[in-house]
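**Student:** Okay, here's the prediction I keep looking at, along with the sequence it came from:
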Amino acid sequence: GMMKGDVDIELDCDRDTYFTVFVDGERVEERLFADKNTEFLTIANLGDEPAEHNIRFLKQTEPQQSLTLLKGVTVTGYLDDYPPEDRDYYIEFVGDSLTAAYGNIGKPGASNPGSALWQDGTQSYAVLACEELGADYTIAACSGVGIDKGWTAFSILDYYKNESYHRHMNVTHYDPRTPDIIVINLGTNDYDCGSSESGFKTNMKELIEYVRESYAEDVTIIWAYNFGGYGCDSWAFDVIEELGGEENGIYTFKMTYNNEGANGHPNLEAHYAAADELVSFIKDKKLLD
């Protein structure tokens, strides 16, 4: 919209939370911080002269770390009264800490490696790949979650079903936009927590079936693996083969392992490299053509 001066956000956060702001497409280098005592944040100053501006305000911190409620925005000027147009493509990601970018701005030996301090979800391979492709995205990622077993009290299916109330309740007037591609990156926590082969395979099949029931029977799925090391991959390949593999629109994408971030997780450099690799894979396989 046409704006000048400060842009203020009114919000509630339950814990430490970090945000990224883009002004007219440019990422503001310094991230913004809020906690349970924060009521307002000034997210931009647009100068004294009214001009057309585009502001994006993104949360870096995953929901498990912090819940945030945006209550209002105040501008001097006016906001366009229509939502931004959909981009040409739409990709959904389902994953764990690797996709939530746990520890990506930390280093090995960082104290309290799982804290919001070391996580920037706006620089995960998922977001970066979509920016490169000019795609809209949703990211249903939760650190510690597994397909059969993980570090959380719930499985990915529990989490994913609750991630979109309307999709799960199949609300009749709700028309979800079908993603062009769904990237699933899971299994590392299953391996670490001793999942059983039968539990893993049953739940993985159920996840893929649920995803396709929710959107479209032929929605393209990319099974991404190896970013955090071995993740019950041979079991996953068995399931994908059983479900028809590439001929049935289910692809496997091997990521480059990295443990140079906090607590043995991939670092920022690895997320940027993985984004490039994912974009190349999607283009090589012509998955958005």
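**Tutor:** Okay, I see it.

**Student:** Could you use CA atoms for every contact and neighbour count after this?
**Tutor:** Will do.

**Student:** For the closest residue to residue 69 other than its chain neighbours, give me the backbone phi and psi.
**Tutor:** Of all residues not flanking residue 69 in the chain, residue 12 sits nearest, at 5.1 Å (C-alpha to C-alpha, 6 or more residues apart in numbering). Main-chain torsions, residue 12, degrees, to the nearest 10: phi -130, psi 130.

**Student:** same thing with residue 106?
**Tutor:** Residue torsions, per degrees, to the nearest 10, at residue 106 are phi -110, psi -180.

**Student:** For it, list the residues it contacts.
**Tutor:** For residue 106, the contact set (C-alpha atoms under 8 Å, 6 or more residues apart in numbering) comprises 113, 118-119, 261-262, 267.

**Student:** Can you redo those residues as TSV, where the extra columns are pLDDT, neighbour count and distance to residue 128?
**Tutor:** Output for the contacts of residue 106, formatted as TSV (pLDDT from 0 to 100; neighbours: other C-alpha atoms under 10 Å; distance: C-alpha to C-alpha, whole Å):
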residue	pLDDT	neighbour count	distance to residue 128
113	93	22	22
118	97	24	17
119	97	29	15
261	97	25	17
262	97	24	20
267	98	25	14
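
**Student:** which among those residues gets closest to residue 58?
**Tutor:** Relative to residue 58, the closest of the contacts of residue 106 is residue 119; by C-alpha to C-alpha it sits at 13.1 Å.

**Student:** Can you tell me how far the closest one is from residue 125?
**Tutor:** Residue 119 sits 13 Å away from residue 125, going by C-alpha to C-alpha, to the nearest Å.

**Student:** Return every residue with contacts to both of the two.
**Tutor:** Listed as contacting both residue 119 and residue 125 by C-alpha under 8 Å, 6+ apart are residue 101.

**Student:** Let me see the contact set for residue 20.
**Tutor:** Residues in contact with residue 20 (C-alpha under 8 Å, 6+ apart) are 27-28, 30-32, 57-60, 122.

**Student:** If we use 7 Å, what do you get?
**Tutor:** Residues counted as contacts of residue 20 (C-alpha atoms under 7 Å, 6 or more residues apart in numbering) are 28, 31-32, 57-60.

**Student:** That one: which element?
**Tutor:** For residue 20, the element it lies in under DSSP states H and E is strand 17-23.

**Student:** In a strand, residue 8, correct?
**Tutor:** Yes. Residue state for residue 8 (DSSP: H, G, I helix; E, B strand; the rest coil) corresponds to a strand.

**Student:** Now do the strands in the stretch 101-250 of the chain.
**Tutor:** 135-141, 181-185, 220-225, 250-254 (DSSP state E, counting those that start in this stretch).

**Student:** Next, the contact list for residue 194, please.
**Tutor:** Listed by C-alpha under 7 Å, 6+ apart, the contact set of residue 194 reads residue 149.

**Student:** distance of it from residue 150?
**Tutor:** With distances taken as C-alpha to C-alpha, residue 194 is found 8 Å from residue 150.

**Student:** just for the stretch 151-289 of the chain, where's the confidence low?
**Tutor:** Low-confidence segments of the stretch 151-289 of the chain (pLDDT under 70): 170-175.

**Student:** how about a cut-off of 90?
**Tutor:** Within the stretch 151-289 of the chain, the segments meeting pLDDT under 90 span 161-177, 214, 216.
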